[in-house]
Every structure is written in structure tokens, then in C-alpha cells.
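Enquirer: here you go, sequence then predicted model.
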Amino acid sequence: MKAKLIHYLLLLSILTAFSSASISDNIVRVHYNERPPYLTTVAHGIAVGLTATPALKAFQASGIKHQWVKTPSNRQIAILEKNAGKDCLVGWFKNPQREKFALYSHAIYQDKPTIALALFSNTRIESGRTMEAVFKDTNLLLLVKDGYSYGSYIDGMIEKHNPKRHSVLVENTNMLQMINVTRADYFFTAEEEADGLIRNAGLFQGDYKYIRFPNTPAGNKRYILCSKQVGSEVINKLNSWIEK
């Protein structure tokens, strides 16, 4: 079934690229970075996954000419802020700051409740404590990605309680390596990607533990974000498919 889906998506992508070759200025650039199980490249110019597949189907079914572009996550938001062209991002959270410069589709996926990753040997942090209690513990250092949103609930909790933290610009795999060498105690991640994150980093899953917080709400919704140059017509086309 998966092989048939990939073959179908590949065929559609080739047809779309061929039909739009002469009007490249109207192509929407869909930016993504490798992030299993959300986004994984399966062929040239094609990504599939929990957020990639519904996004790809929405663009294809809506007849929107587009091209997938692999772009580091720390550059993607800057591209939308610049608003220099027709650009979209896949699977990002919604927050008030981004709503100032980005157009949003309807949600394409909803996460499980967010967890934290920590070394199994780290006895200072365990599941069962509230997030507020963990944030107030000055013996714990939180690792966060600079400019990244963890959703409105966690973003709000960080702003309210101002936990001891260290900001970095690297991807989650590098953040896991920092936890591995005890440069920080924990960082937040979606439960869906935790297993793959550890495996792709070449590390042993038994060396880590998943920290669950009893007061954490339902997981964050993920959206397609677009620059304002993309326009509401494209967003409306995407939403029409997503609603179905």
C-alpha cells in the first residue's frame, strides 16, 4: 500500500513539474527539513510522513503548482518573514508572533501530548511531576531551540515560569547529543518522533527516558504556513481539500 502511494505521489509530482515548467514564477516553494515520522524524502522532490503526506495531497489535489525544497528549519521562518516570494512551510505550530507575517491553512495533523527527553541515568527528572514544578527546579537545565515554538501551552509556561534554560540553533538530533554529554538535562519533543530521533542519531534507546507531565494538554495542531505573497486564494484551495 505504501509503495503504491509513493508511486502515485511521484507520478503526480512529475506531471505537476512538467505542466508548470514554463511558469516557474507562479510555483509555490514548499520548504521542509528531514524530520521522521513527519517529513521524510522518498524520491527527488517528494516527501511523505504524518504532515508531509496530507500537505502533498492538498497541493496536488488542489492543482497548486509547487516544488518541494529542503531547507534547514532555522531558515524557514526567516523566509516567510522576508515575504520575498511564494513560500510555504509544512507542519509548523501556530502562535501570535507567526500570525503577524504568515498565512495559515487548516490543521493537517494533531500531535500526541508533548514529552521531554532525558538521560535514563538522570535522577533529577522523572515523569509524574507537573511542568510547573520542573520549571521551578533550578537544578535542571532545559534545552530549547532558538526561535522555535513548542505550542501555545508550553511557550506560555516557559514565559510565565522562566525556567533555567539554554538556547541553541541546532536540530533535534544535535540537541539529543547535547543531552547525551550532559550539557543539559532535558528538551521537549513530540512523542511521535522520539524513537526515530534516537535511532537516527545512532544512539541506544535504553539510555533515555520519556518524561510525561500529568498536566500537559492534548498535543499541538500542525499547519501549512505560507508567506503573504502566496495569497488567500491558495490557502482557500488548500483548506477546501483539508476540510474533506
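Expert: Cool, the structure landed. On a predicted model such as this, the values are computed, not experimentally measured, just so you know.

Enquirer: okay, CA-based contacts and neighbour counts for the rest of this
Expert: Noted.

Enquirer: now do the same for Pro18: its pLDDT.
Expert: No Pro there; residue 18 is Phe. You'll see Phe18 listed with a pLDDT of 40.

Enquirer: show me where the chain has strands.
Expert: Per DSSP state E, the chain carries strands over the ranges 28-32, 40-43, 46-48, 66-70, 87-92, 102-104, 109-110, 115-119, 142-145, 165-168, 186-189, 208-211, 221-227.

Enquirer: mind checking those for the one nearest to Ser152?
Expert: Using Cα to Cα as the measure, strand 221-227 is the one of these that comes nearest Ser152, at 10.3 Å.

Enquirer: how's the protein carved up into domains?
Expert: 2-110+221-243, 115-211 (automatic domain parsing).

Enquirer: make a markdown table out of the strands of the chain and add distance to Leu238.
Expert: Listed next are the strands of the chain as a markdown table, based on distance: least, Cα to Cα, whole Å:
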| stretch | distance to Leu238 |
| --- | --- |
| strand 28-32 | 12 |
| strand 40-43 | 21 |
| strand 46-48 | 17 |
| strand 66-70 | 12 |
| strand 87-92 | 12 |
| strand 102-104 | 10 |
| strand 109-110 | 14 |
| strand 115-119 | 30 |
| strand 142-145 | 29 |
| strand 165-168 | 33 |
| strand 186-189 | 27 |
| strand 208-211 | 35 |
| strand 221-227 | 9 |
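
Enquirer: of all those strands, which one is nearest Asn236?
Expert: strand 102-104 (9.9 Å).

Enquirer: could you list the residues in contact with the closest one?
Expert: 80-81, 94, 223-228, 231-232, 235 (Cα atoms under 8 Å, 6 or more residues apart in numbering).

Enquirer: tell me the strands beside it, with direction?
Expert: Strand 102-104 sits in its sheet next to strand 221-227 (antiparallel), going by DSSP bridges.

Enquirer: mind checking the pLDDT average for the partner strand?
Expert: The predicted model gives strand 221-227 an average pLDDT of 97.

Enquirer: thinking again about what came up before, with distance to Ser240 and mean neighbour count added, can I get the strands of the chain in a markdown table?
Expert: Below are the strands of the chain laid out as a markdown table (distance: least, Cα to Cα, whole Å; neighbours: other Cα atoms under 10 Å):
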| stretch | distance to Ser240 | mean neighbour count |
| --- | --- | --- |
| strand 28-32 | 18 | 22 |
| strand 40-43 | 25 | 15 |
| strand 46-48 | 21 | 23 |
| strand 66-70 | 17 | 20 |
| strand 87-92 | 17 | 24 |
| strand 102-104 | 13 | 23 |
| strand 109-110 | 16 | 18 |
| strand 115-119 | 32 | 23 |
| strand 142-145 | 33 | 20 |
| strand 165-168 | 38 | 14 |
| strand 186-189 | 30 | 22 |
| strand 208-211 | 37 | 20 |
| strand 221-227 | 13 | 24 |
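
Enquirer: nearest to Gly151, of those?
Expert: With Cα to Cα as the criterion, Gly151 lies closest to strand 221-227 of the strands of the chain, at 8.4 Å.

Enquirer: centre of the chain to that closest one, how far?
Expert: Put simply, strand 221-227 sits 10 Å off its chain's centre (Cα atoms, centre = their mean, to the nearest Å).

Enquirer: tell me the angle it makes with strand 87-92.
Expert: Here the directions of strand 221-227 and strand 87-92 differ by 170 degrees (axes from the mean of the first three to the mean of the last three Cα atoms, to 10 degrees).
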